[in-house]
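Asker: I would like the atomic coordinates for the input below:
(one chain, ligands or ions: 1)
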Amino acid sequence: MKIAVYPGSFDPMTNGHLDILKRAASLFDHLIVGVLVNQNKKCLFSPEERVDMINEATHDLENVRVMHFNGLLVDFCDKVGATAVIRGLRAVSDYEYEVQMFAANYKLNPKVETIFLMSQPKYSFLSSSVVKEIAFYGGHIEDMVTPAIAEALKNRMKG
Ligand code: PNS
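Answerer: Residues are numbered from 1 along each chain as shown. Sure thing, here's the model as predicted:
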């Protein structure tokens, strides 16, 4: 049984994340989406809200499970029995950060492999931060996130 973890902050999940998630799910028996509970980073949505939003968007994918995690990613992989970590790469600008994270994870546990999937070109500009900024100024986000997430973002910006 091959299990992979797709980790991230997902504050909130974008259509670019969702695309990587679906492609990764087709490559593994099970895909666990790991939502980081990051005390140092100010998130717009709580870990529970972020998990719920991803669950809503992936309910038709039978081999996908969404969980939040604290602490080291390699420990979370160990806990859920995953031997691979999935990361999406959008552009060269992602590379340095991703290599650093890969190197740290590899040092901590070389048995956990990191697999990079290239984002589709149409998502190469897309990030949670960009979506939040556009939503903040009332711009059009409907083709960047799922309808439920667009709704949640608009409501959060109002409040
Ligand atoms: O969506 P993000 O913010 O790019 O995801 C980053 C994430 C969650 C993959 C990364 O911050 C992470 O794995 N954090 C857990 C702590 C950890 O394991 N750190 C060691 C590797 S640098």
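Asker: let me know the helix or strand that the nearest residue to residue 48 once chain neighbours are set aside is in.
Answerer: With CB to CB, 6 or more residues apart in numbering as the criterion, residue 48 has its nearest non-adjacent residue at 7.5 Å, and that residue is residue 68. Yep, even glycine has a C-beta here, placed from its N, CA and C like the rest. Per DSSP states H and E, residue 68 falls inside strand 64-69.
Asker: what does that strand rub up against?
Answerer: 7, 21, 25, 30-37, 47-48, 50-51, 54-55, 58, 76, 79-80 (CB atoms under 8 Å, 6 or more residues apart in numbering).
Asker: now, which of these lie close to the ligand?
Answerer: Within the set of these, contact with the ligand (CB under 6 Å from any ligand atom) is found for 7, 36.
Asker: now, of the contacts of strand 64-69, which are buried?
Answerer: Neighbour-count burial (16 or more other CB atoms under 10 Å) is assigned, among the contacts of strand 64-69, to 7, 21, 25, 30-37, 47, 50-51, 54, 58, 76.
Asker: name the helices or strands packed onto the longest helix along the chain?
Answerer: As assigned by DSSP state H, the longest helix anywhere in the chain is helix 92-108. Packing partners of helix 92-108 (3 or more CB pairs under 8 Å, 6 or more residues apart in numbering; DSSP states H and E): helix 73-80, strand 84-89, strand 113-118.
Asker: any part of stretch 89-103 near the ligand?
Answerer: Yes. On the criterion CB under 6 Å from any ligand atom, stretch 89-103 is in touch with the ligand at residue 101.
Asker: give me the neighbour count for residue 43.
Answerer: Neighbours of residue 43 under the rule other CB atoms under 10 Å: 18.
Asker: good, we can wrap up now.
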